[in-house]
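Asks: This is the structure alone, sequence omitted:
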């Protein structure tokens, strides 16, 4: 067995691990970061193990930083996956056999393949700030549009569904957008973000009225120019007020 | 070591377990079910281990049924606790030493005392239907008012705080009350439930108007009699509409 891999497996928890649904928003589309496993055509969410002396909330920060280069990210648990048939769709040992092409024979030992409970975290990131970085066991790290996500390994499609549901819930008690939009954005861009998350069209006037009533936006004396239509004003979040609204969980319904 | 305990520890997951915050509502007060450990004055949340071949969501149903006698309960995960210092407040081996008075010397082996990640579930139950049942390692099982909860073992006070926070969030996207109130209830009783969960007074008229607008209540042709004041009408939930609102996560803001 690969000695570095063995050392990693021996110093991390065996029955619990982490998977991350990293959402990014770009050109009006919600996207998720996925990894392709070396020597296979199989994609999965980024994830990792937890060191024996490491808090779960620290492990996920480490894992996220390794995959995206980002340090300060809005991260939250959304669900812990504890079914017994999480590997039903794809036997991990079949996957390991395929990966032997890259890593050599017996690089993995079946005894480490235990029943595993995975803590699902979601992160909202500004896509353009991310340096997507593949793992030692993956050779590609790519953003996929929500609507075009392929059949993933294990229960990872289910994980994305659950994360999306949690994200939709979140919109009802917290503002969203600070980590997903660039610093300055237009009202139509913010509306498009909400529409993408909620999966439905929103009335332009009602949205604007509601979102301004939360008193977390600062209207700038600048306009987005260069578009085909009338130039819209730019806004940015008032970070103090935004953070307060996140903290106080002001009811947020669109 | 106690052989039955050993058998249990050998057939369950070692690094992950479950803790339950069971909320009940009675006489206008929100309460939580707590257990007192044998031979100690220490209280904790009810919880348990997960069998190697048991889904986490099945384990929690089993544990809840053992403690409350209830089978069909509204149960949901609210957070998974993965700090490294979860036992900081109280060394479990000190607890085990105290319990030796009841179970005899060396009933427990320190080697089973590993770092543990706990999946927190909350349940909303109708308090009067519960037959609170102590565990093999506990000798009392009692409802405590939220405002009077003692200093609990491990991180269990923190768990209750997090469960309350989740319950408050839930009010913003789902109706609440079906499992907490008796079948028939008055509008002031429903309002009191919301006020207790949200920790704030609500305007009577606004509350009634809002809650009726959700179209999940059935006004009965009966009144609550026997009180000192004007007899209020009784209501019950229209279960189909209620379930649909829970399923659809209709925005629920009070």
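Replies: Here it is on my side, so go on. In this text the structure is predicted, and so the values were computed from the model without any measurement. Residues are numbered from 1 along each chain as shown, chains lettered A, B, ... in the order given.
Asks: count of neighbours near residue A:235?
Replies: Other residues near residue A:235 come to 22 when the count uses other C-beta atoms under 10 Å in any protein chain shown. Where you see a C-beta, it was placed from the backbone N, CA and C, and this is true even at glycine.
Asks: so who does it touch?
Replies: A:184, A:185, A:186, A:187, A:190, A:217, A:218, A:219, A:220 (C-beta atoms under 8 Å, 6 or more residues apart in numbering or on different chains).
Asks: Kindly list the main-chain dihedrals of it?
Replies: phi -130, psi 160 (degrees, to the nearest 10).
Asks: Can you check the pLDDT for it?
Replies: The predicted local distance difference test score for residue A:235 is 96.
Asks: next one: residue A:72
Replies: According to the model, residue A:72 carries a pLDDT of 77.
Asks: Same question for residue A:222.
Replies: At residue A:222 the predicted local confidence, pLDDT, stands at 89.
Asks: Equivalent analysis for the one 4 residues further on, please.
Replies: According to the per-residue confidence, residue A:226 scores 73 in pLDDT.
Asks: sorry, back to before: neighbour count, distance to residue A:16 and secondary structure for the contacts of residue A:235 - can I get that in JSON lines?
Replies: Written out in JSON lines, the entries for the contacts of residue A:235 read as follows (neighbours: other C-beta atoms under 10 Å in any protein chain shown; distance: C-beta to C-beta, whole Å; DSSP: H, G, I helix; E, B strand; the rest coil):
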{"residue": "A:184", "neighbour count": "15", "distance to residue A:16": "41", "secondary structure": "coil"}
{"residue": "A:185", "neighbour count": "21", "distance to residue A:16": "38", "secondary structure": "strand"}
{"residue": "A:186", "neighbour count": "17", "distance to residue A:16": "43", "secondary structure": "strand"}
{"residue": "A:187", "neighbour count": "18", "distance to residue A:16": "43", "secondary structure": "helix"}
{"residue": "A:190", "neighbour count": "20", "distance to residue A:16": "37", "secondary structure": "helix"}
{"residue": "A:217", "neighbour count": "20", "distance to residue A:16": "40", "secondary structure": "strand"}
{"residue": "A:218", "neighbour count": "14", "distance to residue A:16": "42", "secondary structure": "strand"}
{"residue": "A:219", "neighbour count": "11", "distance to residue A:16": "46", "secondary structure": "strand"}
{"residue": "A:220", "neighbour count": "12", "distance to residue A:16": "45", "secondary structure": "strand"}
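Asks: nearest to chain B, of those?
Replies: Minimum separation from chain B among the contacts of residue A:235 (C-beta to the nearest C-beta) is found for residue A:190, which lies at 18.4 Å.
Asks: and the gap between the closest one and residue A:125?
Replies: Taking C-beta to C-beta, to the nearest Å as the criterion, residue A:190 is separated from residue A:125 by 17 Å.
Asks: Next: residue A:10.
Replies: Distance of residue A:10 to residue A:125, computed by C-beta to C-beta: 32 Å.
Asks: and if you look at residue A:249?
Replies: Computed as C-beta to C-beta, the residue A:249 to residue A:125 distance reads 22 Å.
Asks: Neighbour count for the two, which is higher?
Replies: residue A:125 (21 against 16).
Asks: So in chain A, where's the weakest helix or strand by average pLDDT?
Replies: For chain A, using mean pLDDT, DSSP states H and E, the weakest element among its helices and strands is helix A:92-103, scoring a mean of 85.
Asks: counting contacts, what elements does the helix or strand following that helix pack onto?
Replies: Sequence-wise, the next helix or strand downstream of helix A:92-103 (DSSP states H and E) is strand A:117-125. Taking 3 or more C-beta pairs under 8 Å, 6 or more residues apart in numbering or on different chains; DSSP states H and E as contact, the helices and strands that strand A:117-125 lies on are strand A:12-26, helix A:56-68, strand A:74-81, helix A:156-170.
Asks: who's in contact with residue A:225?
Replies: Taking C-beta under 8 Å, 6+ apart, one finds residue A:231 in contact with residue A:225.
Asks: can I assume it sits in a strand?
Replies: No: counting by DSSP: H, G, I helix; E, B strand; the rest coil, residue A:225 is not part of a strand but coil.
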